[in-house]
Every structure is written in C-alpha cells, then in structure tokens.
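Visitor: With the sequence up front, the predicted model follows.
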Amino acid sequence: MVLQLPISWDGPYTLREVIKKLTDLGEHPDYDGEDYGLYQIYGKHILGDPKALLYVGSAIEQTFSARFRQHESWLIHEDLVRIYVGRIYSPRRHTARNDWATWKADVLLAERAMIYKYSPHYNSNSITERPLLNAYKKLVLVHSGQRNRLHKRDVVPDDWE
C-alpha cells in the first residue's frame with residue numbers, strides 16, 4: 001500500500017513573523033487550527049552555503065509560534081534565517097474523530113523521512129535511521145507552494161536506494 005501525503009508550504013518567514021503571526025490553534029475541543037505541521041529552517045552554515053537547510057521539525061501539539069519560541073534562543077544567533085512552514089491535511093484521512101492521531105502519525109513520518117533524506121545540518125535524531133513505514137510499502141511526499149530546496153516529490157524508500 002502506498003501512502004501519499006500532500007504538503008503545502010508557505011514562506012519564507014523570519015523568526016519574528018512566525019512567532020507573531022502563526023498562532024492559530026483552533027477551537028476547543030478539536031484545536032484544528034491552521035498553524036500546525038512541518039517546518040524547514042534555512043540559514044548560513046560553515047559547511048553549506050548562506051542558504052543551507054539547517055533544521056527540519058514539526059509542530060504537532062503546539063502552534064508554529066509556540067514551537068519557535070523554543071528555538072528562539074539559538075535562532076537569534078544565526079545569520080539570515082528563513083523559515084518555511086508546511087501543512088499536511090487530507091480530509092478523508094485526518095479528522096478529529098480519533099483525536100487527530102492519524103494526522104500526528106503522518107506528520108511525524110513525513111518529518112523523519114525528510115530528515116533522513118535531506119540531512120539538515122542541525123538535526124541529530126532521524127539522520128541515520130530510516131523511518132519505519134509500518135504497513136505501507138511506499139511513502140510519497142508531494143510538496144507544493146513555497147517548498148524552497150525540497151524536491152517536488154520524495155518517494156520513500158525509492159529515493160534512498
């Protein structure tokens with residue numbers, strides 16, 4: 001079975017813009033706001049170029065704004081930081097019916113696949129271990145919008161073999 005996940009990317013944002021603007025947590029009890037999902041952080045790195053992929057992460061049980069407040073202490077020391085946020089949503093698959101458990105699992109799987117494939121400079125987890133696909137034979141991440149340096153499609157495990 002193949003799992004295809006569409007990811008719609010927006011950006012670039014500055015750290016201040018993410019903290020100030022990406023705060024939509026949704027309404028109780030579902031908390032199905034817009035500002036959750038994946039993110040990419042780009043900036044200057046000694047081993048890369050001035051627009052290197054530094055970090056890939058996820059904001060699942062907190063908004064992008066809340067998550068980036070946790071990154072603020074190190075990001076304020078980085079040069080030329082640009083942030084892209086990605087939203088995963090498939091109406092048939094992702095619902096409040098199971099407390100968004102399928103959505104959470106999909107976001108975490110996509111995050112692990114992207115970290116493994118792109119090896120961002122500052123990620124340490126998921127860099128050397130292939131993500132478990134569980135019941136799926138393949139995972140296809142379809143990137144749209146402002147994806148920056150990501151490929152249009154990531155196919156797991158085909159891209160790794």
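Guide: That came through fine.

Visitor: From residue 133, how far out is the residue nearest to residue 57 when sequence neighbours are not counted?
Guide: Distances taken as Cβ to Cβ, 6 or more residues apart in numbering place residue 39 nearest to residue 57, at 5.5 Å, with adjacent residues excluded. C-betas here are computed from N, CA, C, even on glycine. Taking Cβ to Cβ, to the nearest Å as the measure, residue 39 falls 23 Å from residue 133.

Visitor: who's more crowded, those two?
Guide: residue 39 (24 against 16; other Cβ atoms under 10 Å).

Visitor: The more buried one belongs to a strand?
Guide: Yes - according to DSSP: H, G, I helix; E, B strand; the rest coil, residue 39 belongs to a strand.

Visitor: who's in contact with it?
Guide: 56-59, 64, 67, 83-86 (Cβ atoms under 8 Å, 6 or more residues apart in numbering).

Visitor: So what's the predicted local confidence for residue 31?
Guide: pLDDT recorded at residue 31 is 65.

Visitor: brain fart, residue 94
Guide: At residue 94, pLDDT is 85.

Visitor: what about it, how many neighbours?
Guide: Residue 94: 19 neighbours (other Cβ under 10 Å).

Visitor: quick one: it and residue 115, what's the gap?
Guide: To residue 115, residue 94 is 21 Å away according to Cβ to Cβ.

Visitor: just to revisit the earlier point, which residues does the residue nearest to residue 57 bridge with?
Guide: Using DSSP bridges, the beta-bridge partners of residue 39 come out as residue 57, residue 85.

Visitor: In stretch 134-150, which residues are buried?
Guide: Applying a neighbour-count criterion of 16 or more other Cβ atoms under 10 Å, the buried positions in stretch 134-150 are 139-141, 143, 146-148, 150.
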